[in-house]
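> with the input below, show me the fold.
(2 chains)
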Amino acid sequence: MITVQHVSKHYGHHTALDDVTFHVKKGEILAFLGPNGAGKTTTMRILTCFMPQNEGMATVAGFDCLDQPMEVKRHLGYLPETPPLYPELTVDEYLTFVGRLKRLAPQHLASQKSRVIDQMGLGSVHHRVIGHLSRGYRQRVGLAQALIHDPPVLILDEPTVGLDPKQIIEMRGLIKGLAGSHTIILSTHVLPEAMATCDRVVIIHQGRIVAEDSPDRLSGQLRQSEKMSLTVKHPLPDWLERLRTLPGVLNVLPATHPHTCTIDCQPGQDLRETLSQFVVSQGYGLLELKPLSLSLEEIFLQLTRQEENVEMGEPNHFDSGGQSSRREQPPA
Amino acid sequence: MTPFQTILAKELRCFFISPVFYAVGAVFLFISGFIAHLMTVNAGQQAVRFLQIQNTYAQLNLNELIFRSLFYSLDFVLMFLLPILTMRLFAEERKLQTFELLLTSPVGINELISAKYISVLLIYLGLLSLTSLTPILLSLYSSFHWDPILTGYVALVLQGGFFLACGLLASATTENQVVAAFLSFGMILLIWLLGGLGSLLGDTTIGNVLSYLSFSEHYDRLVRGLLEAKDIVYYLSGIVLMLFIAHRIVDSHRWS
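Numbers count the residues shown, from 1 in each chain, chains lettered A, B, ... in the order given. I've put the predicted structure just below:
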């Protein structure tokens, strides 16, 4: 549905995007993740034909963003970071204006308008002036604006920024509800958001894609070893040393709590059975044994840190994982 | 509705919501009425003086005494007021970030600029039509030639249209409305002063070119009742040029 191939964008001497390639399949939600200034908004602006790229090719719904901008614009809904609202118009007037602007047929305008008003829960405020609405409602009006012509592709730039926690959960619910029937790209610098809403995550840093995969597999790929957290009731003084002697255990580190430790196991081996049997046979009193996975925050930090190390010419042990994950991706 | 009509309707609606339009309209109508009043009283005094000296009713040329000075004064008023009407056209869209909505909708920049220009032109024509009360009222009590008044209104329409195009161009360059207003005011003043520089240089090639580039000699001819194609061509080409530059500026935002 969306393809971006070798796209680069320069602002003077500053390179905002450097050889970016990714694809989004129909009905998928893709999260665009990166720190502020990483190139998320630039990519979205290229896809929405707001600005042209310097190199490479971008297509939306089969239309080229440079050659057929009008077709691309008809097939996408865009919610910029600041919702583009006219504070002096009412919600009704505004949605009518946008609907006509998107060349919606007059006979469909009323029905589409009531559809998005229902979908976004704007029924109670549709006659009010936008300038008097709260931040959460404005964001919803912004999303309603992007949906009014029922576009197959939605591009949402930080849709939850500035909302309170309850509104964020509602907004995520709204976006998830749109998946399947719409292909969605959303950008965020909040990692749990990507985990909560998206099928796939593209991590972008300094204008380059550093990783692309599903949230689960990303954390799997970056794990150098399987880590387990073990909590027991009656630890003996030498319990850590004795655990270390077990086959497959690489290292045992005490955690902050004295009854808990973190065990590094050889990758690919599930030591849960061995460990639990050992702990029970020694009479430590098994309370908890769980595998630890990296959160997206840790992945993100690792990837960005590793990028900097590569640039400085001193690759560290994170490289193998990260680099291979980058090479594996492009599904052509 | 086509996107052109949609934007036009929305712009007109925003004018009628905004207090700026009412302020500009009130000031323009009050000042133009006040000037007309002053000119009429002045003409009346001259008639009385003439009566006292000559002891006969004077045949006063009202076209010269009232209307020509009224048209010249209105020119100045427009110079100050029209930039206030045009300043929000694009600056506000950029400030509100609705510019992104317009440019990511299936709407051409041509449609966008023409709709915005026509909207502000209609607003101006509406205000201008209200000033026609002065000649209509005066025609009830006196007689004068209508032709120079009609060419005077043609001059005001073209002059105002040119100022509005300058204002639209200025508004497209910035997201600050005050800067847009000052910029268009400066542009209009500069084009006006070119005429002064031209007449200073006298009948030389550069002098003539500069005089031609300024609107003052064209406006002058129309107000005096001379309807010539070259003046109309001057104004229309000036408007088209300003709108074309505005088009390039709006388009270039996408590249920066």
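> for chain B, what's the nearest residue on the stretch 201-332 of chain A?
A:G207 (17.1 Å; Cβ to the nearest Cβ). No exception for glycine: its C-beta is placed from N, CA and C like everyone else's.
> for that residue, what are its contacts?
Counting by Cβ atoms under 8 Å, 6 or more residues apart in numbering or on different chains, A:G207 touches A:9, A:15-18, A:20, A:38-39, A:42.
> which phi and psi does A:R200 have?
phi -140, psi 150 (degrees, to the nearest 10).
> and it, how many neighbours?
A:R200 is flanked by 20 other residues according to other Cβ atoms under 10 Å in any protein chain shown.
> identify the residue nearest it in space, chain neighbours excluded?
Spatial nearest neighbour of A:R200, chain neighbours left out: A:L30 (5.1 Å); criterion: Cβ to Cβ, 6 or more residues apart in numbering or on different chains.
> is it true that the one you found lies in a helix?
No. Going by DSSP: H, G, I helix; E, B strand; the rest coil, the assignment for A:L30 is strand, not a helix.
> distance of it from chain B?
19 Å (Cβ to the nearest Cβ, to the nearest Å).
> give the contact list for the residue lying closest to A:K233 once chain neighbours are set aside.
Nearest residue to A:K233 in three dimensions, chain neighbours excluded: A:G285, at 3.0 Å (Cβ to Cβ, 6+ apart). Residues in contact with A:G285 (Cβ under 8 Å, 6+ apart) are A:232-234, A:279.
> run the last query once more with 6 Å
Under the criterion of Cβ atoms under 6 Å, 6 or more residues apart in numbering or on different chains, the neighbours of A:G285 are A:232-234.
> show me where chain B dips below the pLDDT cut-off.
Applying pLDDT under 70 to chain B flags the ranges B:57-58, B:256.
> do a quick rundown of the helices in it.
B:3-17, B:19-54, B:62, B:69-86, B:88-96, B:98-103, B:109-130, B:133-141, B:147-173, B:177-201, B:205-213, B:216-223, B:229-253 (DSSP state H).
> mind checking how far the second one is from the chain centre?
Here helix B:19-54 is found 20 Å from its chain centre; the criterion is Cα atoms, centre = their mean, to the nearest Å.
> same thing with the fifth one?
Its chain's average C-alpha position is 21 Å from that of helix B:88-96, according to Cα atoms, centre = their mean.
> and if you look at the third one?
Using Cα atoms, centre = their mean, the distance from the centre of helix B:62 to the centre of the chain it belongs to is 24 Å.
> with the last one instead?
Offset of helix B:229-253 from its chain centre (Cα atoms, centre = their mean): 15 Å.
> packing partners for that helix?
When contacts are defined as 3 or more Cβ pairs under 6 Å, 6 or more residues apart in numbering or on different chains; DSSP states H and E, helix B:229-253 sits against helix B:109-130, helix B:147-173, helix B:216-223.
> show me what the longest one is packed against.
Using 3+ Cβ pairs under 6 Å, 6+ apart as the contact criterion, the secondary-structure elements in contact with helix B:147-173 are helix B:69-86, helix B:88-96, helix B:109-130, helix B:177-201, helix B:216-223, helix B:229-253.
> mind putting those helices into a markdown table with distance to A:I130 and mean neighbour count?
A markdown table is the format used below for the helices and strands packed on helix B:147-173 (distance: least, Cβ to Cβ, whole Å; neighbours: other Cβ atoms under 10 Å in any protein chain shown):
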| stretch | distance to A:I130 | mean neighbour count |
| --- | --- | --- |
| helix B:69-86 | 23 | 21 |
| helix B:88-96 | 10 | 21 |
| helix B:109-130 | 20 | 18 |
| helix B:177-201 | 19 | 17 |
| helix B:216-223 | 42 | 21 |
| helix B:229-253 | 24 | 16 |
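> what about those helices, which gets the closest to A:A255?
The closest of those to A:A255 is helix B:88-96. By Cβ to Cβ, the value is 51.9 Å.
> let me see the residues that make contact with that closest one.
Looking at what lies outside helix B:88-96 - Cβ under 6 Å, 6+ apart - the contacts are B:99, B:116, B:168, B:171-172, B:174-175, B:177, B:180.
> quick one, phi/psi of the residue nearest to A:K233?
Per degrees, to the nearest 10, the backbone of A:G285 is at phi 80, psi 90.
> okay, the nearest residue to A:E193 once chain neighbours are set aside and A:L122: tell me how far apart.
Spatial nearest neighbour of A:E193, excluding adjacent residues (Cβ to Cβ, 6+ apart): A:T160 at 6.1 Å. According to Cβ to Cβ, to the nearest Å, A:T160 and A:L122 sit 17 Å apart.
> residue contacts, B:I31?
With Cβ under 6 Å, 6+ apart, B:I31 has these contacts: B:V77.
> gap between it and chain A?
Distance of B:I31 to chain A, given as Cβ to the nearest Cβ: 27 Å.
> circling back: in terms of contact, does the residue nearest to A:E193 touch A:Q167 like I think?
No. In this structure, A:T160 is not within contact of A:Q167 by Cβ atoms under 6 Å, at 7.7 Å.
> more neighbours: these two, which one.
Under the neighbour definition other Cβ under 10 Å, A:T160 and A:Q167 were set side by side, and A:T160 has more, 21 against 17.
> burial count for the closest residue to B:C14 other than its chain neighbours?
In space, and not counting its chain neighbours, B:C14 is closest to A:E88: 6.3 Å by Cβ to Cβ, 6+ apart. Neighbourhood size, A:E88 [other Cβ under 10 Å]: 14.
> and if you look at B:G225?
A count of neighbours around B:G225, defined by other Cβ under 10 Å, yields 17.
> am I right that it is in contact with B:W146?
No. In this structure, B:G225 is not within contact of B:W146 by Cβ under 6 Å, at 10.4 Å.
> for whatever residue of the stretch 101-250 of chain B ends up closest to chain A, what are its contacts?
Nearest residue of the stretch 101-250 of chain B to chain A, counting by Cβ to the nearest Cβ: B:L101, 3.6 Å away. B:L101 makes contact with A:P84 under the criterion Cβ under 6 Å, 6+ apart.
> enumerate the residues of chain B near chain A.
With the criterion set to Cβ under 6 Å from any Cβ of the partner chain, chain B comes near chain A through B:1, B:3, B:6, B:10, B:17, B:97-98, B:100-101, B:103-106, B:254.
> where exactly do the helices run in chain A?
Using DSSP H, the helices of chain A run over A:40-47, A:69-74, A:91-101, A:106-119, A:135-147, A:165-178, A:191-197, A:215-221, A:239-244, A:272-282, A:296-311, A:319-328.
> got the buried residues for the second one?
Within helix A:69-74, the residues scored as buried using 16 or more other Cβ atoms under 10 Å in any protein chain shown are A:69, A:71-74.
> go back to these and keep what's next to chain B.
A:73-74.
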